[in-house]
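Undergrad: what shape does this take:
(2 chains, ligands or ions: 2)
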Amino acid sequence: MDPGLRRGSDGEREPDGVTHKSDVLVIGGGLIGCATAWRLARAGAQVTLLEAGDINAGASGQNAGSLHFQIERRFIENGEALAEQAARIVALNRLAITDWRGLEAELGADLHVSMAGGLMVAETPEQVAMLEAKVRRESAEGLASRLIDGDQARAVAPCLAPQILAACHLPDEGHADPRAVTPAFAAAARAEGADIRTRTAVQAIRREAGAFHVGTADAAFRADRVLIACGAWTAHVAALANLHMPLYPVALLMNATERTAPVLPQLIQHVGRRLSMKQAYAGNILIGGGWPSRLAQKADGGFDLGAKASIIQASLAGNLRAAIDTVPMVERLNLIRSWTGVTAISADQLPIVGEVPRMPGLFVAGGGSAFTLGPTFARLLARAMGGERVAELDLLSPARFEHLNSFMG
Amino acid sequence: MADTFDVVIIGGGPAGQAAALALALAGHGLAIAVIDEPPRPGGQILRQPPAPFAVSNWLPGRSYDGLKAQLARFEALEGISWLGGHSAIGLVREADGLVVQASGQDGLRRLVARRVLVAAGCQDLAVPLPGWTLPGVYAAGGIQAFIKSQQIVPGERVLLAGTHPLMLLIGAQIVAAGGTLAGVLFAQPRQTMIANALRHATAAAAHAGNLAAAASAMKVLAGAGVAVRFDTALTAAIGNSQVEGARTAAGDIACNAIGLCYGFVPQSTLPRMAGARVQTAGPAGGWATVADGWGQSSVPGLFVAGETTGVAGAPAAMAAGEMAGIGIAHSLGLIDASEAQHRAGPARRRHARLLGFARMLDAVADPTGYLPAPTPDTLACRCEDVDFATIDQAIATGGSANAVKLATRCGMGACQGRNCEPTLLRRMATAGRTDDTGFTQRFPARPVAIGDLAD
Ligand SMILES: Cc1cc2nc3c(=O)[nH]c(=O)nc-3n(C[C@H](O)[C@H](O)[C@H](O)COP(=O)(O)OP(=O)(O)OC[C@H]3O[C@@H](n4cnc5c(N)ncnc54)[C@H](O)[C@@H]3O)c2cc1C
Ligand SMILES: Cc1cc2nc3c(=O)[nH]c(=O)nc-3n(C[C@H](O)[C@H](O)[C@H](O)COP(=O)(O)OP(=O)(O)OC[C@H]3O[C@@H](n4cnc5c(N)ncnc54)[C@H](O)[C@@H]3O)c2cc1C
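TA: Ligands and ions are numbered 1, 2, ... in the order given. As a prediction, this is how the structure comes out:
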């Protein structure tokens, strides 16, 4: 970034060596950080955002781009209790549908948002039963998902395999371009006056006299409120404030085929196998679905989030098999790239979004499918950080893990 | 299907062959596989015609004799698993050793090896200029490959343009194959070339043979009435649906094929994918894999030789391959340290001498300052149709090469950025960003059918 564009809270360029003051400091330039910075700046706050690398270099730029509003497979594969709890996320999914419908107009940017519907398919009678239970939960929460049989599913998406027995159809689902979304939020935040600094890693967080002092290698910042939105690094960065945050890094596999003629406008997921498929606007079919990759490890134990995660061959073979079984035409397409992205999951699978009770003024946001839900988290967080009580976030509050911080802070 | 080998060699060129021969000498019964993309061994320099084609006079010339003799010895080696027509698409370290995935017409093979040698050679530097995506614009090496493998000259009137003296040899080969040349254009002045050569005068004297080859190529060209011009930059390829001419500093020249020859960059995709340390290669750009005197890279068990470690010509690749073969034999405990030193002595001395010549050639051929200027709408990445205006804009936001790739799709196509990465890094360097480590190398190194990879 041109240093000439860096502005302090008084709007003037400040020499380094002084403390840069702002109302809010956002740590992390992924989707959540950039979108929250934009919402806050638009509401009139002075916002500084610090990003260790480049904007969108984390999970936000590496994900599958699915806008999935049905209850995710991962929530229903681990028993009733978890499924019951997870069903409550549907309320947020419904907000996200509205948010995504308006986003391109609001940002004035082409994000390649396509909401042509989504199908979660089933291949066996057991899987069909899972879909039935899922649809019941979803309707109870007011989601317009619908169970259809195999032929109906193939009428919606003719490329589906003959052995697909049924599918859960939600007309609002779809996908957007992860390459475009976060940069658009960042650009909009800058346009509203936010001070966004890349290649600026936070190395220290200290709370003193009700304000936060945040340090990087060569600058000091002061703000009344801080948001940690560091994706897989959130636990590390929370540790700088002497806090525990039960968010764990996971490395996931993604695959892209060569470009091909339009064949798949919908988002395809599978209830019994890990799979997500969609055709990006450029024509490549993206294949993912949460197959694990191997995180790099440090010599003394622990994960090395700075190094590239590596592909697990069995994941690659399994993911592509699931894709072929579901959409057979991909078998003869070429794979041109597989990559790994690192994101965060929480101890109870639900995202963690809100103020940390142990440290008023400190907010965190991370975990879960924050491409789909990120814009909604950001909108709600901006209100919460402005001092409003936001009931929609209760389900996700870090308060549920407060016991971990009884001896911290 | 998993096949287990002691050593897997990727690349059947001079370096790979030399390594296989040295290994075979050091240990009887070693299980060695050689993976190579062409069906038959030879590498870039001895690209062989497909077996059914009988080509008379295949690559005449003294300078090929040593290479041909080695190729004959390699083809006579017994007990080597030859995997011609296969691409190595992945290289990772796993618990049971280094794993190479090889993709061919028969599907995918997973090879597990105690040692892997990457001897993948180099490729022509891709040079974007206005009109370079017109049919008829080739890398000079592409034209040469046609001639070597099929005795076909693409185009009735070929213009060679660039900064690399190899153009003279390729020009002579075109003439010998019955083609017509519209000219050979060096962008740099002749005096600059001579001055740069003289700075390496000892190397030049020691390699009079190579210079003689250039001189005799000049003679062939003169005999055919081909103009060799210096200080004559190519600025654009012109034509509607096909090359019809070239815009140059000396005016427009009619031709229907243009061969671009500005230098070569190492093929280091696989070592980079495996996490090996690389450094910036010669003046043409690209990444050279870093290795010790035995070809051992920074990744345990992964060796590299030949132009994967830097472009230095075929005889140097041969010497380096031999050293790596001996180094691998030693690392496997087949020969002791003093025996390894002893055996590698002659190759090591030859290699050192040849490197001197390579540095001279680098200086003479240096394209810095002579590359054609793209216009804003010239494509930088032809897989994804990304133009210079777009990458310049992304570079201006201060991001890394990976960030520019993510923002613009430059490097996201089927070639995995092999062609546009040097272009992008050069562009970033012009904007003051000289420290970038380039694109993260992703699997697969070559496109591969989904069906071949699935369970
Ligand atoms: C392969 C893959 C596929 C996915 N698919 C989907 C999907 O289809 N749909 C969906 O909804 N979700 C998906 N997700 C999840 C989604 O991508 C993430 O939830 C979301 O992008 C998280 O955004 P974020 O802003 O929290 O984190 P990130 O985008 O990871 O951003 C965090 C940022 O914090 C920065 N940072 C870290 N430490 C510091 C520091 N000390 N100082 C300053 N900055 C720092 C990092 O550099 C990074 O840029 C997927 C994730 C992956 C990995
Ligand atoms: C167009 C061109 C012309 C040249 N002309 C000359 C010349 O006249 N004189 C000279 O001294 N040098 C020349 N060189 C340099 C020449 O490449 C080398 O000197 C010599 O061939 C290097 O030997 P090598 O063994 O390192 O690589 P190569 O001979 O290039 O052999 C490498 C082999 O590995 C294969 N390979 C690469 N990647 C993979 C993969 N992923 N999977 C499977 N196989 C793979 C390649 O197809 C190739 O067959 C030229 C280079 C080029 C590109």
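Undergrad: and the helix or strand bottoming out on mean pLDDT in chain A, what does it pack against?
TA: Sorted by mean pLDDT, DSSP states H and E, the helices and strands of chain A end with helix A:80-87, the least confident at a mean of 82. If contacts are counted by 3 or more CB pairs under 8 Å, 6 or more residues apart in numbering or on different chains; DSSP states H and E, helix A:80-87 sits against helix A:73-76, helix A:125-140. Using the backbone N, CA and C atoms, a C-beta is placed for each residue, glycine as well.
Undergrad: which non-adjacent residue is nearest residue B:305?
TA: Spatial nearest neighbour of residue B:305, chain neighbours left out: residue B:324 (3.9 Å); criterion: CB to CB, 6 or more residues apart in numbering or on different chains.
Undergrad: just the strands in the stretch 151-300 of chain A please.
TA: A:166-170, A:174-175, A:195-197, A:202-208, A:211-216, A:220-228, A:247-259, A:267-270, A:276-279, A:284-288 (DSSP state E, counting those that start in this stretch).
Undergrad: returning to that earlier point: any chance of the helices and strands packed on helix A:80-87 in CSV, plus mean neighbour count, distance to residue A:31 and mean pLDDT?
TA: Output for the helices and strands packed on helix A:80-87, formatted as CSV (neighbours: other CB atoms under 10 Å in any protein chain shown; distance: least, CB to CB, whole Å; pLDDT from 0 to 100):
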stretch, mean neighbour count, distance to residue A:31, mean pLDDT
helix A:73-76, 19, 20, 84
helix A:125-140, 16, 25, 94
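Undergrad: distance to ligand 1 for the ones you listed - can I get that in TSV?
TA: TSV is the format used below for the helices and strands packed on helix A:80-87 (distance: least, CB to the nearest ligand atom, whole Å):
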stretch	distance to ligand 1
helix A:73-76	11
helix A:125-140	17
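Undergrad: residue B:394 contacts residue B:403, correct?
TA: Yes. With contact defined as CB atoms under 8 Å, residue B:394 reaches residue B:403; the gap is 7.3 Å.
Undergrad: one step back: residues contacting the least confident helix or strand of chain A, please?
TA: Identification of contacts with helix A:80-87 by CB atoms under 8 Å, 6 or more residues apart in numbering or on different chains yields A:71-72, A:75-76, A:133, A:137-138, A:140-141, A:348-350.
Undergrad: among the residues you listed, which one sits closest to residue B:256?
TA: Among the contacts of helix A:80-87, residue A:72 lies closest to residue B:256 (CB to CB), at 57.5 Å.
Undergrad: in space, what's closest to that closest one - neighbours in sequence excluded?
TA: Nearest non-adjacent residue to residue A:72 (CB to CB, 6+ apart): residue A:369, at 6.8 Å.
Undergrad: quick check, pLDDT for the one you found.
TA: Residue A:369 is assigned 95 on the pLDDT scale.
Undergrad: quick one on the thing from earlier: now the least confident helix or strand of chain A against helix A:125-140, angle please.
TA: Interaxial angle, helix A:80-87 versus helix A:125-140 (axes from the mean of the first three to the mean of the last three CA atoms, to 10 degrees): 40 degrees.
Undergrad: before we move on, the earlier item: the contacts of helix A:80-87: which ones sit near ligand 2?
TA: Checked against ligand 2 using CB under 6 Å from any ligand atom, the contacts of helix A:80-87 yield no neighbours at all.
Undergrad: in the longest helix seen in chain B, what's buried?
TA: Across chain B, the longest stretch assigned as helix under DSSP state H is helix B:337-365. Of the residues in helix B:337-365, B:340, B:343-344, B:347-348, B:350-351, B:354-358, B:360-365 count as buried by neighbour count, 16 or more other CB atoms under 10 Å in any protein chain shown.
Undergrad: indicate the residue of the stretch 101-250 of chain B located nearest to ligand 1.
TA: residue B:101 (21.2 Å; CB to the nearest ligand atom).
Undergrad: do you know the pLDDT at that residue?
TA: On the pLDDT scale, residue B:101 gets 96.
Undergrad: quick one: residues contacting it.
TA: The contact partners of residue B:101, taken as CB under 8 Å, 6+ apart, are B:88-91, B:108-111, B:444.
Undergrad: doesn't it fall inside a strand?
TA: Yes. Counting by DSSP: H, G, I helix; E, B strand; the rest coil, residue B:101 is part of a strand.
Undergrad: ok, residue A:149 to ligand 2 distance?
TA: 46 Å (CB to the nearest ligand atom, to the nearest Å).
Undergrad: next, count neighbours for residue A:235.
TA: Neighbours of residue A:235 under the rule other CB atoms under 10 Å in any protein chain shown: 19.
Undergrad: from ligand 1, how far off is it?
TA: 10 Å.
Undergrad: now stretch B:186-193, how far from the centre of its chain.
TA: 23 Å (CA atoms, centre = their mean, to the nearest Å).
Undergrad: what does that stretch contact?
TA: Contact with stretch B:186-193 is made by B:161-163, B:165, B:167, B:228-234, B:364, B:366-367, B:370, as judged by CB under 8 Å, 6+ apart.
Undergrad: measure that stretch end to end?
TA: 10 Å (CA to CA, to the nearest Å).
Undergrad: show me what contacts residue B:373?
TA: Contacts of residue B:373 by CB under 8 Å, 6+ apart are B:129, B:235.
Undergrad: for residue B:16, give its distance to residue A:307.
TA: Distance of residue B:16 to residue A:307, given as CB to CB, to the nearest Å: 30 Å.
Undergrad: so between these two, which is more surrounded?
TA: residue B:16 (30 against 12).
Undergrad: might you report the residue contacts of the residue of the stretch 101-250 of chain A found nearest chain B?
TA: Closest to chain B within the stretch 101-250 of chain A is residue A:179: 5.5 Å, counting by CB to the nearest CB. Contacts for residue A:179 (CB under 8 Å, 6+ apart) come out as A:56, A:61, B:406-407, B:409.
Undergrad: retrieve the pLDDT associated with residue 299.
TA: Using chain A here. Confidence score, pLDDT, at residue A:299: 89.
Undergrad: chain B, not that one
TA: Looking at residue B:299, the pLDDT reads 95.
Undergrad: same check, this time on residue B:204
TA: Reading off the model, residue B:204 has pLDDT 67.
Undergrad: quick one: the helix or strand harbouring the residue nearest to residue B:305 to helix B:337-365, angle?
TA: Using DSSP states H and E, residue B:324 sits in helix B:314-331. Using the same axes, to 10 degrees, the direction of helix B:314-331 lies 150 degrees away from that of helix B:337-365.
Undergrad: helices or strands up against helix B:314-331?
TA: helix B:14-26, helix B:65-76, strand B:107-118, strand B:302-304, helix B:337-365.
Undergrad: got the angle between it and helix B:65-76?
TA: Using the same axes, to 10 degrees: helix B:314-331 against helix B:65-76 is 40 degrees.
Undergrad: quick check: the residue of the stretch 51-200 of chain A nearest chain B.
TA: residue A:54 (4.0 Å).
Undergrad: how much space between that residue and residue A:307?
TA: With CB to CB as the criterion, residue A:54 and residue A:307 are 17 Å apart.
Undergrad: show the pLDDT at residue B:41.
TA: We have a pLDDT of 93 for residue B:41.
Undergrad: looks like it contacts residue B:71 (just checking).
TA: Yes. Counting by CB under 8 Å, residue B:41 does reach residue B:71; the two are 6.4 Å apart.
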